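Novice: After the sequence you'll find the predicted model.
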Amino acid sequence: MGAIKQVMGDGMGAQELEAMTTNALMLRDTFDFDVSESVRAVNSLMDQFGITSEEAYNLIAQGAQSGLNQNGDLLDVLNEYSVQFSHMGYSAKDMFNMLNNGAKAGTWSIDKLGDAAKEFNIRMSDGSAKDAVEALGFSWEAVSEAWSEGGESASEVFNMLLNEMEGMEDTTEGYGIGVGLLGTMFEDMGYDAMLALTKTQGEIGNTTNALAEINNVKYDDLGSMFEGLKRNMETLLLPLGNALIPIIMQIVQLIQDNMPLIESMLANLTPVIMQLFETLLPPLL
């Protein structure tokens with residue numbers, strides 16, 4: 001809860017804080033996602049796409065189930081590249097399916113896919129994609145104007161340009177255009193992943209309640225019940241521990257003040273204890 005409040009601020013209601021904490025712990029227990037890192041990713045998705053924390057956690061869970069975290073970089077990719085996909089007019093669901101489709105097409109790292117979207121944004125914004133756009137037979141002025149409108153118009157430009165390259169995979173011209181639009185990321189991705197990146201349809205969606213499914217499966221065994229009991233006991237004992245600190249400090253101080261006497265007593269007791277063990281050991285053995 002403290003980690004979540006640190007990222008999200010103090011303006012959260014108790015109900016939302018409880019829900020986010022529950023979801024963050026489920027992602028931690030199921031996919032080994034660090035709570036603070038998953039909260040930052042959720043916050044980024046909420047800011048860039050205007051979705052709720054529940055929707056963000058649900059999409060992350062589906063992404064992890066689909067294998068998008070195979071390299072352990074899913075949360076980092078969401079933090080770094082959500083702004084790029086949002087600027088291109090895509091929704092959070094679109095982004096997850098684009099990453100998933102690109103990964104299925106053979107890209108070994110979804111970071112490459114996110115970086116490709118970033119490169120496209122940069123090149124369209126600074127005009128360095130002009131030659132590649134015109135090589136595909138389009139007017140740079142018209143395409144640039146449509147891109148600058150943002151939203152759905154920007155995503156249409158992205159899809160149009162990349163799909164226009166279909167069939168050019170074995171040509172030098174196609175390679176040059178790909179690099180002109182996506183930079184060196186095109187070299188790492190290849191044509192199949194590039195074209196898959198334009199597809200926003202897939203198995204990841206807002207209607208699937210992955211969190212409920214995880215909750216039903218993850219916490220219905222005896223081990224999870226004991227783990228939950230242990231956490232509850234830790235929560236209950238923490239206030240008691242804090243209350244006992246002054247008393248413990250007095251005991252520690254008392255021991256420190258009487259250390260010479262205690263050492264002397266232990267020195268006298270050591271032979272007695274040793275003799276006791278020597279006497280008891282044979283019968284025990």
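Specialist: Looks like it arrived, so ask away.
Novice: List the residues that contact E173.
Specialist: Going by CB atoms under 8 Å, 6 or more residues apart in numbering, E173 touches A135. Heads up, the C-betas are built off the backbone N, CA and C, glycines and all.
Novice: Which helix or which strand is home to it?
Specialist: helix 172-182 (DSSP states H and E).
Novice: after that helix, next one along is what?
Specialist: Downstream of helix 172-182, the first helix or strand assigned by DSSP H and E is helix 185-196.
Novice: now that next one and helix 172-182, what's the angle there?
Specialist: Our comparison of helix 185-196 with helix 172-182, counting by axes from the mean of the first three to the mean of the last three CA atoms, to 10 degrees, yields an angle of 90 degrees.
Novice: Which strands and helices lie in contact with helix 185-196?
Specialist: The contact analysis (3 or more CB pairs under 8 Å, 6 or more residues apart in numbering; DSSP states H and E) places helix 185-196 against helix 92-104, helix 110-126, helix 151-163, helix 172-182.
Novice: right, and the helix or strand after that helix?
Specialist: helix 210-218.
Novice: And that next one, what does it pack against?
Specialist: helix 14-31, helix 53-65.
Novice: and among those, the most buried is which?
Specialist: Most buried of the helices and strands packed on helix 210-218, by mean neighbour count (mean count of other CB atoms under 10 Å): helix 53-65, with a mean of 23.
Novice: Any idea how far the following helix or strand past that one is from the middle of the chain?
Specialist: Sequence order places helix 74-87 as the next helix or strand after helix 53-65, per DSSP H and E. Put simply, helix 74-87 sits 10 Å off its chain's centre (CA atoms, centre = their mean, to the nearest Å).
Novice: Let's test this: mean pLDDT of helix 74-87, rounded?
Specialist: Mean pLDDT, helix 74-87: 93.
Novice: what number of residues lie near M259?
Specialist: Counted with other CB atoms under 10 Å, residues neighbouring M259 total 10.
Novice: Give me the below-cutoff pLDDT ranges for the stretch 151-285 of the chain.
Specialist: Scanning the stretch 151-285 of the chain for pLDDT under 70 picks out 207, 217-229, 231-232, 235.
Novice: buried ones in the helix holding E173?
Specialist: Judged by neighbour count (16 or more other CB atoms under 10 Å), helix 172-182 contains these buried residues: G174, Y175, I177, G178, V179, G180, L181, L182.
Novice: Report the spatially closest residue to the last one, excluding sequence-adjacent ones.
Specialist: It refers to L182. By the measure of CB to CB, 6 or more residues apart in numbering, the closest residue to L182 outside its immediate chain neighbours is A116, 4.7 Å from it.
Novice: The one you found contacts G190, doesn't it?
Specialist: No - counting by CB atoms under 8 Å, G190 is not a contact partner of A116; they are 10.9 Å apart.
Novice: coming back round to it: which of the buried residues of helix 172-182 sits closest to N215?
Specialist: Proximity of the buried residues of helix 172-182 to N215 (CB to CB) peaks at L182, which lies at 39.5 Å.
Novice: Distance check, the spatially most central residue of the chain against E166.
Specialist: Nearest to the geometric centre of the chain sits L75, at 2.5 Å (CA atoms, centre = their mean). L75 is 32 Å from E166, where distance means CB to CB, to the nearest Å.
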